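*Asks:* what would the 3D arrangement of this be:
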Amino acid sequence: MTTDFRRAEAERWFLRNGLPYVLRPGTLVRRVVSRSAPAQAAFALVMLSSILVVAVTGEHTIDIDGTPTRTEWFVLFIVVLVLPAATLTGWLTNRVESVPRRRLIALASVGIALLGAVFGGPSVLVFVDIVLDVVIIGLILLCTATGVGAILGWAARMTLTNLASIGALMLRALPVMLLTVLVFFNSPVWTMASTIGRGRLWLALLFLFAIAAVFLVSNTMHRVRPILDPDAKRDEDAKTLAGTPFEDLPDRPRRVPLSAAERLNVVYVVALSQLVQVLTVAVATGMIFMVFGLILISPELLDAWTNGGPSDGQVFGMTLPIPDALIQMTMFLTALTFMYLAARAVGDAEYRAQFLDPLLDDLRRTLVARDRYRTYTAGNPRS
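*Replies:* This is a model prediction of the structure:
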């Protein structure tokens, strides 16, 4: 195995694990185009869906109120599928190992996105859509070059992984789900959801999320801090590197202290994994109430609970045949579930044993890999 190949494998391992700032200076700016391919491909698919919507409806905005027509049902189908399809496209692109192929995919995706700006886009002005596309493409490249994209990509993969364990977490959310049923059938709460502005609601929800996140992150940092100590290395940690690019690399007996960027990166990834895990279940719970409301709420009941509130609502600038009060009620219940699960994550020993302890073990393995990578690259500087 050549030195360059082994180093490239090690660097890809850190990027996949959301730790770009462990890499040697200058590494992140290499192969930016090929590394941005998953995000570029996902964005290209979103723009393809925009072309399809404009071709079907003749409009650059989605405005569906009342009873949808057959064409509008087709547009709703596209809206529902576009995010999962874009995620799948990015995941499939990320599985491509060849750098030239990834570069080709990235360039082709940029071309498709620009075509989407010409024949689709959110505005009737082609110039505005092209400028918006160029800005988004530039942001993707910037995030890739700064390592932010690697962290976001890791967070997306973590979210998909959490879906596999969502059943166990949903059991922990069951008490709050039963409690929020009382909130769901509370007429004054529906009146509030119907009358409060979306901006004010977002401020209130962000306030609740921030309180829960502070408790969750502070508890996580308390448990992570001892692991970051230079003397925290254990002999058994090296065995966990079997099957990784670091298995046969030389080690050092004592860890070189992490830089400020490395420490921030490690703490951020561990805390984000906790937040994403809890948020995944909270959003899934909110979607259950959304579907429940669509099945249960009749026009007469909606009128009685909201004092004549609208039967359609706004989602990301699109008008959809979903009551605005139901959308805002779902957001509120999602925030309540998030706060409850965050509190359980801090105080529940079973939760820590099942979800947090494996994450901390993985952190130990990552830090040993970091030590070996640093030792190896110090002896094999890139020319």
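
*Asks:* which residues in the stretch 51-200 of the chain form helices?
*Replies:* Per DSSP state H, counting those that start in this stretch, the stretch 51-200 of the chain has helices spanning 70-94, 99-119, 126-146, 148-164, 166-184, 187-195, 198-224. These are given in chain order.

*Asks:* weakest of these by average pLDDT?
*Replies:* Mean pLDDT is lowest for helix 166-184 among those, at a mean of 65.

*Asks:* can you say which helix or strand has residue 319 in it?
*Replies:* strand 318-320 (DSSP states H and E).

*Asks:* looking at the helices of the stretch 51-200 of the chain, which is nearest to residue 37?
*Replies:* Closest approach to residue 37 among the helices of the stretch 51-200 of the chain is made by helix 99-119 (4.1 Å; CB to CB). In short, each C-beta sits where N, CA and C put it, glycine included.

*Asks:* the closest one: which residues count as buried?
*Replies:* Residues of helix 99-119 classed as buried: 102, 103, 105, 106, 109, 110, 112, 113, 114, 116, 117, 119 (neighbour count, 16 or more other CB atoms under 10 Å).

*Asks:* just how off-centre is it within its chain?
*Replies:* Averaging C-alpha positions (CA atoms, centre = their mean, to the nearest Å) puts helix 99-119 23 Å from its chain's average.

*Asks:* tell me the contacts of residue 363?
*Replies:* 224, 227, 266, 270 (CB atoms under 8 Å, 6 or more residues apart in numbering).

*Asks:* run the last query once more with 10 Å
*Replies:* Contact partners of residue 363, counting by CB atoms under 10 Å, 6 or more residues apart in numbering, are 17, 19, 223, 224, 227, 228, 266, 267, 269, 270, 273.

*Asks:* so how far is residue 370 from the last one?
*Replies:* Yep, that's residue 273 we're talking about. If you measure residue 273 against residue 370 using CB to CB, to the nearest Å, the figure is 17 Å.

*Asks:* the fourth one now?
*Replies:* To residue 370, residue 224 is 14 Å away according to CB to CB.

*Asks:* again with the first one
*Replies:* Residue 17 sits 10 Å away from residue 370, going by CB to CB.

*Asks:* and the end-to-end length of stretch 230-237?
*Replies:* 14 Å (CA to CA, to the nearest Å).

*Asks:* now do the buried residues in it.
*Replies:* Of the residues in stretch 230-237, those buried under the neighbour-count criterion (16+ other CB under 10 Å) are 233, 237.

*Asks:* repeat that for stretch 349-359.
*Replies:* Residues of stretch 349-359 classed as buried by neighbour count (16+ other CB under 10 Å): 351, 352, 355, 356, 359.

*Asks:* narrow these to those in helices?
*Replies:* Of the positions in the buried residues of stretch 349-359, 351, 359 sit in helices, assigned by DSSP state H.

*Asks:* so which of the buried residues of stretch 349-359 is the closest to residue 183?
*Replies:* Taking CB to CB as the measure, residue 183 lies nearest residue 351 of these, at 23.9 Å.

*Asks:* ok, and the closest non-adjacent residue to that closest one?
*Replies:* Among residues not flanking residue 351 along the chain, residue 345 sits closest, at 5.4 Å (CB to CB, 6 or more residues apart in numbering).

*Asks:* now do residue 74
*Replies:* If the residues on either side of it in the chain are set aside, residue 74 comes closest to residue 56, at 6.4 Å by CB to CB, 6+ apart.

*Asks:* following element in sequence after the strand holding residue 319, please.
*Replies:* On the C-terminal side of strand 318-320, the closest following helix or strand by DSSP H and E is helix 324-347.

*Asks:* of the contacts of residue 363, grab the buried ones for PyMOL.
*Replies:* In PyMOL syntax, the buried subset of those is picked out as below (16+ other CB under 10 Å):
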select buried, resi 17+19+224+227+228+266+267+269+270+273
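
*Asks:* quick one, longest helix in the protein?
*Replies:* If each helix of the chain is counted by residues according to DSSP H, the longest one is helix 260-296.

*Asks:* I'd like to know which elements that helix is packed against.
*Replies:* In terms of contact count using 3 or more CB pairs under 10 Å, 6 or more residues apart in numbering; DSSP states H and E, helix 260-296 is assigned the packing partners helix 148-164, helix 166-184, helix 198-224, helix 324-347, helix 357-379.
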